[in-house]
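heads up, no residue letters with this:
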(Lines give C-alpha, C1' and ligand atoms only; values in the text may rest on other atoms or scores of the structure.)
Protein backbone atom coordinates (compact mmCIF):
# COMPACT_ATOMS: atom_id res chain seq x y z
CA UNK A 1 0.00 0.00 0.00
CA UNK A 2 1.07 3.56 -0.67
CA UNK A 3 0.18 6.45 1.64
CA UNK A 4 0.19 10.06 0.47
CA UNK A 5 -0.37 12.84 2.97
CA UNK A 6 -1.76 16.19 1.91
CA UNK A 7 -2.07 18.55 4.85
CA UNK A 8 -4.44 16.86 7.35
CA UNK A 9 -5.53 14.03 5.05
CA UNK A 10 -3.84 10.74 4.28
CA UNK A 11 -4.76 8.88 1.10
CA UNK A 12 -4.09 5.14 1.33
CA UNK A 13 -3.88 3.49 -2.08
CA UNK A 14 -4.51 -0.22 -2.60
CA UNK A 15 -1.77 -2.59 -3.68
CA UNK A 16 -1.40 -2.44 -7.45
CA UNK A 17 -1.85 1.33 -7.58
CA UNK A 18 1.02 3.52 -8.63
CA UNK A 19 0.30 6.84 -6.92
CA UNK A 20 2.44 9.98 -6.56
CA UNK A 21 2.06 13.55 -5.46
CA UNK A 22 2.12 15.43 -8.73
CA UNK A 23 1.82 19.18 -8.04
CA UNK A 24 4.61 21.73 -7.55
CA UNK A 25 4.75 21.26 -3.76
CA UNK A 26 5.83 17.68 -4.29
CA UNK A 27 9.29 16.18 -4.23
CA UNK A 28 7.84 13.11 -5.98
CA UNK A 29 7.55 14.65 -9.44
CA UNK A 30 10.57 16.81 -10.20
CA UNK A 31 9.84 17.12 -13.93
CA UNK A 32 6.63 19.03 -13.26
CA UNK A 33 8.08 21.19 -10.48
CA UNK A 34 11.41 22.05 -12.12
CA UNK A 35 10.67 21.99 -15.85
CA UNK A 36 6.99 22.00 -16.77
CA UNK A 37 5.40 24.23 -14.13
CA UNK A 38 7.13 27.42 -15.42
CA UNK A 39 6.08 26.79 -19.06
CA UNK A 40 4.03 29.59 -20.63
CA UNK A 41 4.06 31.74 -17.51
CA UNK A 42 3.04 28.96 -15.16
CA UNK A 43 0.90 25.89 -15.27
CA UNK A 44 -1.21 24.21 -12.61
CA UNK A 45 -1.53 20.57 -11.65
CA UNK A 46 -3.73 18.19 -9.72
CA UNK A 47 -2.46 17.05 -6.34
CA UNK A 48 -2.18 13.31 -6.94
CA UNK A 49 -1.80 11.05 -9.96
CA UNK A 50 -2.79 7.41 -9.53
CA UNK A 51 -2.55 4.71 -12.19
CA UNK A 52 -4.48 1.56 -11.40
CA UNK A 53 -5.36 -1.12 -13.90
CA UNK A 54 -6.57 0.56 -17.06
CA UNK A 55 -7.49 3.88 -15.42
CA UNK A 56 -5.53 7.01 -14.63
CA UNK A 57 -6.93 8.97 -11.69
CA UNK A 58 -6.40 12.74 -11.44
CA UNK A 59 -7.12 13.73 -7.85
CA UNK A 60 -7.54 17.32 -6.66
CA UNK A 61 -7.89 18.00 -2.95
CA UNK A 62 -9.69 21.02 -1.51
CA UNK A 63 -10.05 21.22 2.26
CA UNK A 64 -12.24 24.13 3.39
CA UNK A 65 -12.37 22.98 7.00
CA UNK A 66 -9.40 25.11 8.01
CA UNK A 67 -9.37 28.42 6.19
CA UNK A 68 -6.49 30.76 6.86
CA UNK A 69 -5.00 33.73 4.98
CA UNK A 70 -1.99 31.75 3.74
CA UNK A 71 -4.16 29.04 2.15
CA UNK A 72 -4.77 29.51 -1.54
CA UNK A 73 -8.31 28.17 -1.87
CA UNK A 74 -10.55 29.25 -4.74
CA UNK A 75 -13.94 30.75 -4.06
CA UNK A 76 -16.65 28.08 -4.38
CA UNK A 77 -17.87 29.66 -7.64
CA UNK A 78 -14.39 29.18 -9.14
CA UNK A 79 -13.77 25.53 -8.19
CA UNK A 80 -15.02 24.01 -11.46
CA UNK A 81 -12.87 26.31 -13.61
CA UNK A 82 -9.81 25.83 -11.40
CA UNK A 83 -10.19 22.04 -11.52
CA UNK A 84 -10.68 22.01 -15.29
CA UNK A 85 -7.49 24.05 -15.83
CA UNK A 86 -5.51 21.84 -13.46
CA UNK A 87 -6.68 18.72 -15.29
CA UNK A 88 -5.81 20.25 -18.67
CA UNK A 89 -2.35 21.34 -17.52
CA UNK A 90 -1.70 17.97 -15.84
CA UNK A 91 -2.50 16.14 -19.07
CA UNK A 92 -0.14 18.43 -20.99
CA UNK A 93 2.55 17.88 -18.36
CA UNK A 94 2.15 14.11 -18.60
CA UNK A 95 2.48 14.26 -22.41
CA UNK A 96 5.73 16.20 -22.06
CA UNK A 97 7.02 13.94 -19.26
CA UNK A 98 6.36 10.87 -21.40
CA UNK A 99 9.02 12.17 -23.80
CA UNK A 100 11.67 13.97 -21.74
CA UNK A 101 11.38 13.31 -17.98
CA UNK A 102 13.74 11.09 -16.00
CA UNK A 103 13.29 7.33 -16.42
CA UNK A 104 10.93 6.79 -13.45
CA UNK A 105 8.68 9.77 -14.24
CA UNK A 106 8.74 9.09 -17.99
CA UNK A 107 7.65 5.48 -17.37
CA UNK A 108 4.76 6.52 -15.11
CA UNK A 109 3.65 9.23 -17.56
CA UNK A 110 3.71 6.73 -20.42
CA UNK A 111 1.74 4.24 -18.33
CA UNK A 112 -0.84 6.93 -17.42
CA UNK A 113 -1.22 7.99 -21.03
CA UNK A 114 -1.64 4.36 -22.17
CA UNK A 115 -4.66 3.66 -19.95
CA UNK A 116 -8.06 3.57 -21.61
CA UNK A 117 -9.75 6.05 -19.28
CA UNK A 118 -9.16 9.21 -17.29
CA UNK A 119 -10.97 9.56 -14.00
CA UNK A 120 -11.22 12.95 -12.32
CA UNK A 121 -11.87 13.17 -8.57
CA UNK A 122 -12.39 16.29 -6.51
CA UNK A 123 -11.84 15.41 -2.88
CA UNK A 124 -13.76 18.21 -1.16
CA UNK A 125 -13.75 18.57 2.61
CA UNK A 126 -15.93 21.25 4.19
CA UNK A 127 -17.51 22.10 7.49
CA UNK A 128 -21.23 21.45 7.93
CA UNK A 129 -23.38 24.58 7.93
CA UNK A 130 -25.76 23.29 10.58
CA UNK A 131 -28.69 24.05 8.25
CA UNK A 132 -31.08 21.31 7.29
CA UNK A 133 -31.86 22.63 3.80
CA UNK A 134 -28.23 23.36 2.90
CA UNK A 135 -26.01 21.15 5.05
CA UNK A 136 -22.82 22.14 3.19
CA UNK A 137 -21.70 25.58 2.04
CA UNK A 138 -20.57 24.28 -1.35
CA UNK A 139 -23.39 22.53 -3.16
CA UNK A 140 -21.91 19.31 -4.55
CA UNK A 141 -24.77 18.70 -6.98
CA UNK A 142 -24.38 22.12 -8.55
CA UNK A 143 -20.62 21.76 -8.74
CA UNK A 144 -20.88 18.31 -10.28
CA UNK A 145 -23.35 19.68 -12.83
CA UNK A 146 -20.85 22.42 -13.76
CA UNK A 147 -18.07 19.88 -14.20
CA UNK A 148 -20.24 17.60 -16.34
CA UNK A 149 -21.93 20.34 -18.29
CA UNK A 150 -19.05 22.14 -19.90
CA UNK A 151 -15.69 21.62 -18.32
CA UNK A 152 -14.58 18.00 -18.16
CA UNK A 153 -16.80 15.96 -20.49
CA UNK A 154 -14.01 15.45 -23.04
CA UNK A 155 -11.85 13.85 -20.34
CA UNK A 156 -14.26 12.20 -17.87
CA UNK A 157 -18.02 12.15 -18.39
CA UNK A 158 -18.56 11.06 -14.78
CA UNK A 159 -16.23 13.06 -12.53
CA UNK A 160 -16.51 12.32 -8.81
CA UNK A 161 -16.84 14.69 -5.88
CA UNK A 162 -16.34 13.03 -2.52
CA UNK A 163 -14.94 13.48 0.97
CA UNK A 164 -13.53 11.08 3.53
CA UNK A 165 -17.05 10.13 4.64
CA UNK A 166 -18.60 9.59 1.19
CA UNK A 167 -15.66 8.03 -0.66
CA UNK A 168 -16.97 4.55 0.17
CA UNK A 169 -20.06 5.21 -1.97
CA UNK A 170 -17.83 4.96 -5.05
CA UNK A 171 -16.88 1.29 -5.35
CA UNK A 172 -14.34 1.81 -8.11
CA UNK A 173 -12.10 4.26 -6.18
CA UNK A 174 -8.91 2.34 -5.27
CA UNK A 175 -8.02 4.28 -2.12
CA UNK A 176 -9.34 5.33 1.25
CA UNK A 177 -8.88 8.62 3.06
CA UNK A 178 -8.56 9.44 6.71
CA UNK A 179 -7.92 12.54 8.73
CA UNK A 180 -4.42 12.17 10.17
CA UNK A 181 -5.10 14.60 13.03
CA UNK A 182 -7.73 12.37 14.67
CA UNK A 183 -6.64 9.70 17.17
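Arrived safely, thanks for sending. What you are looking at is a predicted structure, and each value in this text was computed from that prediction instead of being measured.

Please count neighbours and contacts with C-alpha atoms only from this point.
Noted.

Can you pull out the residues in contact with stretch 96-106?
For stretch 96-106, the external contacting residues (Cα atoms under 8 Å, 6 or more residues apart in numbering) are 29, 31-32, 36, 107-110.

ah, wrong one, I meant stretch 158-176
Stretch 158-176 is touched from outside by 11-14, 17, 52, 119-125, 140, 144, 147-148, 152, 177-179, with contacts defined as Cα under 8 Å, 6+ apart.

Please flag which of the residues you listed sit within helices.
Among the contacts of stretch 158-176, DSSP state H puts 140, 144 in helices.

now, which of the contacts of stretch 158-176 lie within strands?
11-13, 52, 119-125, 177-179 (DSSP state E).

By neighbours, which of those residues wins?
Each of these was scored for neighbours by other Cα atoms under 10 Å, and residue 120 scores highest at 25 neighbours.

quick one: it and residue 156 touch, right?
Yes: between residue 120 and residue 156 there is a contact at 6.4 Å, judged by Cα atoms under 8 Å.

still on that earlier bit, just among the contacts of stretch 96-106, which is most surrounded?
residue 32 (27 neighbours).

Tell me the confidence at that residue?
At residue 32, the model reports a pLDDT of 81.

got a list of what it touches?
With contact taken as Cα under 8 Å, 6+ apart, residue 32 is in contact with 22-24, 93, 97.

cool, and residue 65?
By Cα under 8 Å, 6+ apart, the neighbours of residue 65 are 125-127.

6 Å - rerun?
Listed by Cα atoms under 6 Å, 6 or more residues apart in numbering, the contact partners of residue 65 are 126-127.

gap between the lowest-mean-pLDDT helix or strand in the chain and the chain center?
Lowest by mean pLDDT, DSSP states H and E among the helices and strands of the chain is helix 30, with a mean of 81. Here the centre of mass of C-alpha atoms in helix 30, compared against the chain's by Cα atoms, centre = their mean, to the nearest Å, lies 18 Å away.

I'd like the next helix or strand past the longest helix along the chain.
In terms of residue count, the longest helix belonging to the chain (DSSP H) is helix 79-100. The C-terminal neighbour of helix 79-100 among helices and strands, as given by DSSP states H and E, is helix 103-114.

quick check: angle from that following helix to helix 79-100?
Here the directions of helix 103-114 and helix 79-100 differ by 120 degrees (axes from the mean of the first three to the mean of the last three Cα atoms, to 10 degrees).
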